[in-house]
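Participant: sequence? don't have it. structure:
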């Protein structure tokens, strides 16, 4: 369940939120900022040391160890916000050394000594990468080079700095490369009461409450990336909006908003910022601005927090998806007024409305595109509903297709059964069956709209000999196959209403093709299915009413095709 995922990651997020500005640089993809050197010069020694990055993603610590003037150590270290390693069991260090023995140093806020730290020694192999696991219970406390007796145990939540030291009493040059320093072991989850108190302190209480209110579930056994708004982010929303979201009437809207904050797969911050956009579970796109460190306009304020089902990035604003359906956007866009009238005349507006979740892709001819049709063509279509529906359904794809995906996709089947729309890249512009895309990726709650510069007219098939069906049975079979291909997985995943909506489109499309499409028994079964489903409130049963009718027609179509 989604709320279980949230409950699992909240404690992890919270422990790092208070120190957002001080997040330690323990991976080196973004450089070595924050690392400093400490040399024996503070005691009169002559050793040297410096930190650099000569290879992407790798920190190099190098210098020369001198034993003169009672010296003999060179160290690099970085600060860590207190609580960063809370609940961890140790550290993992990946290094390539020079054959010398180094020590890893940990300093804690509850044990401050003038020249003391918890230490773990490790040997390196010259020129070879190696991974060193350092359990916290294997660290020992030293002060001025001497082990401290009866020392307190290292407390991970009190760590305030980590570092690497060379003090092997061997004069000469040294160099060690560090690929990463990572925590070992999972964090210990807090009790429910403690979780609530920490959530309040760190500003994620509202998110947790809304997730529980929505009762949203996600498939188990998969990884997700969650962009988690803080309490301050939700506080920016009008109070009446939050009140609506937590009401029964607002549950669907709340679910859509929460899905808009979840991306399939575990995507770390480096991967996020290397992309132009991410696709959320809302089926809408989240634009990424690497320079501003924003996703859909929300700034990332804490990143790469692992939890048992993926990764969390904390953001400073709520990302609100487009909540209007394709039908609603059609009603509001002035350049699509002719298309809107045609959709109304055909009676298929409900297929693109909010009650039909899709997702759909609408290739929407502009008013200018309809004006370019031969004189009288549009009036003729409006007077002939069957022909009008055939044309309009040739502009609808039963899936969400972005412009950037079209050239690679090549073609896609439409609601017009066997009709396909082909995509190409011509003169730097993406085209759909020869029509140029004017405005792309207009997001809707149930899909995406692309405006195009001409009307797509599906090719009509020549009439067959008298007494034969004018509609190829394969076309009817194709409509049914496509509906089941799209609807069955949704039904199995619990989206019964979405499956029923897809089946309804298929049944309506076949009826629209007329008596030449199916025999009298099939037509009667389809029309009865529409009547029975309209009176059925249970979405699961509605889906089965449509499915049984389609199966009957499909069986008859297969028999006809085999003759």
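Facilitator: Looks like it arrived, so ask away. Since we're looking at a predicted model, the values are computed, not measured. Numbers count the residues shown, from 1 in each chain.
Participant: Run through who's touching stretch 447-454.
Facilitator: 283, 326, 329-330, 335-336, 352, 358-366, 368-369, 372, 400-403, 432, 434-442 (CB atoms under 8 Å, 6 or more residues apart in numbering). To be clear about C-beta, it is placed using only N, CA and C from the backbone, and glycine gets the same treatment.
Participant: typo on my end, it should be stretch 103-116
Facilitator: By CB under 8 Å, 6+ apart, stretch 103-116 touches 75, 77, 82, 91, 93, 117-122, 132, 134, 136, 139, 141-145, 148, 151-152, 154-155, 158-167.
Participant: For the strand or helix carrying residue 487, which helices and strands make contact with it?
Facilitator: If you go by DSSP states H and E, residue 487 is part of helix 473-492. Helices and strands touching helix 473-492, by 3 or more CB pairs under 8 Å, 6 or more residues apart in numbering; DSSP states H and E, are helix 496-513, helix 539-561.
Participant: Tell me how many other residues crowd residue 478.
Facilitator: By other CB atoms under 10 Å, the residues close to residue 478 number 17.
Participant: cool, and residue 80?
Facilitator: 21.
Participant: Let me see the contact set for the closest residue to it other than its chain neighbours.
Facilitator: Nearest residue to residue 80 in three dimensions, chain neighbours excluded: residue 24, at 4.7 Å (CB to CB, 6 or more residues apart in numbering). Applying CB under 8 Å, 6+ apart, one finds that residue 24 lies in contact with 34, 78, 79, 80, 81, 84, 162.
Participant: Filter the contacts of stretch 447-454 down to the buried ones and hand me the ChimeraX line.
Facilitator: The buried subset of the contacts of stretch 447-454, as determined by 16 or more other CB atoms under 10 Å, is captured in ChimeraX by this line:
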select :283,326,329,330,336,352,358,359,360,361,362,363,364,365,366,369,400,401,402,403,432,435,437,438,441,442
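Participant: which of the contacts of residue 24 count as buried?
Facilitator: Counted by 16+ other CB under 10 Å, the contacts of residue 24 give 78, 79, 80, 81, 84, 162 as buried.
Participant: Pull the contacting residues for the second one.
Facilitator: Taking CB under 8 Å, 6+ apart as the criterion, residue 79 is in contact with 22, 24, 34, 160, 161.
Participant: which residues does it form a beta bridge with?
Facilitator: In this structure, residue 79 bridges to residue 161 when assessed by DSSP bridges.
Participant: From residue 107, how far out is it?
Facilitator: 9 Å (CB to CB, to the nearest Å).
Participant: quick revisit: okay, the contacts of residue 79 in CSV with distance to residue 98 and pLDDT next?
Facilitator: Shown next, in CSV, are the contacts of residue 79 (distance: CB to CB, whole Å; pLDDT from 0 to 100):
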residue, distance to residue 98, pLDDT
22, 31, 44
24, 25, 72
34, 24, 86
160, 29, 90
161, 24, 92
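Participant: tell me the two of these that are most distant?
Facilitator: 34 and 160 (13.3 Å; CB to CB).
Participant: residue contacts, residue 442?
Facilitator: By CB under 8 Å, 6+ apart, the residues touching residue 442 are 329, 448, 449, 450, 451.
Participant: can you check residue 507 too?
Facilitator: 526, 529, 530, 546, 549, 550.
Participant: Name only those of the residues you listed that count as buried.
Facilitator: 526, 529, 546, 549, 550.
Participant: Quickly note the distance from the last one to residue 530.
Facilitator: Summarising the geometry, the distance separating residue 550 from residue 530, computed by CB to CB, is 12 Å.
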